[in-house]
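In: curious how this folds, go ahead:
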Amino acid sequence: MDKLADNYLMIKVQEGHLNFVTLLFERYKKMLYGYFCNQTSDKVFSEDLVQATFYRLIKYKHNYKSGDNFKAWLFTIGRNAMIDEIRKNKRNNHQAMEPNIDKVDESAHADHNIHKKDLSNILSQALSKLDNEKREILYLVKIQEKKYKEVAQILSIKESAVKSKVFRAIKELQNHYAHLNYNF
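Out: Just a heads-up that it's a prediction; the model follows:
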């Protein structure tokens, strides 16, 4: 995704050319959907959140400043939409919000695949033991491969805070994984 192209498209949207929203939607719908699925484990809710994000993009288009990091701005809108919808629907943190981990394919090497599936399940369990904030920051940095600076913009925190939160989240994930793997 070319930052300049995103910036250009968003400027066109601000000028009233709403047909350019379709191009932005096509570029970012899968990324946003993956982010929301990771945070909520609810596919239908995640689809609704993607729609809500683009509705808000149109509604708050005047808040975008030319030259800003469009992706960070969009994910901030999406994150805020998710938080608002969770509050509105009175979804509680104790509700299961396990990350979506791809299942290992079955193949001719059944033993190897069973072992991989067991490790994937252990990782999924370890991730589910993290609080939402740690799981979210790991998803943004490790799965979405966003730069610390971009994550800092999305979460409205300092870049140094992102680095320390990632470090702590990885340490905690390693501890949970080791404990679960040992007990397995």
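In: OK, contacts around the residue most central in space within the chain?
Out: The residue lying closest to the centre of the chain (Cα atoms, centre = their mean) is Tyr35, at 2.6 Å. For Tyr35, the contact set (Cβ atoms under 8 Å, 6 or more residues apart in numbering) comprises Phe75, Gly78, Tyr139, Leu140, Gln144. Quick note: C-beta positions are derived from backbone N, CA and C, even for glycine.
In: show me which of those are buried.
Out: Phe75, Gly78, Tyr139, Leu140, Gln144 (16 or more other Cβ atoms under 10 Å).
In: isn't the last one up against Met31?
Out: Yes - here Gln144 reaches Met31: they are 6.9 Å apart, a contact under Cβ atoms under 8 Å.
In: what comes into contact with the helix ranked longest in the chain?
Out: When the chain is parsed with DSSP state H, its longest helix is helix 159-183. Around helix 159-183, the neighbours that count as contacts under Cβ under 8 Å, 6+ apart are 119, 122-123, 125-127, 129-130, 133-135, 137-138, 141, 148-149, 151-152, 155, 157.
In: please parse the chain into its domains.
Out: 3-88, 110-183 (automatic domain parsing).
In: now those as a markdown table including mean pLDDT?
Out: As requested, these are arranged in a markdown table below (pLDDT from 0 to 100):
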| stretch | mean pLDDT |
| --- | --- |
| domain 3-88 | 91 |
| domain 110-183 | 81 |
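In: list the ones among the buried ones among the contacts of Tyr35 that fall in strands.
Out: Judged by DSSP state E, strands contain none of these.
In: show me the two of those that sit farthest apart.
Out: Farthest apart among the buried ones among the contacts of Tyr35 by Cβ to Cβ are Gly78 and Tyr139. That separation is 12.6 Å.
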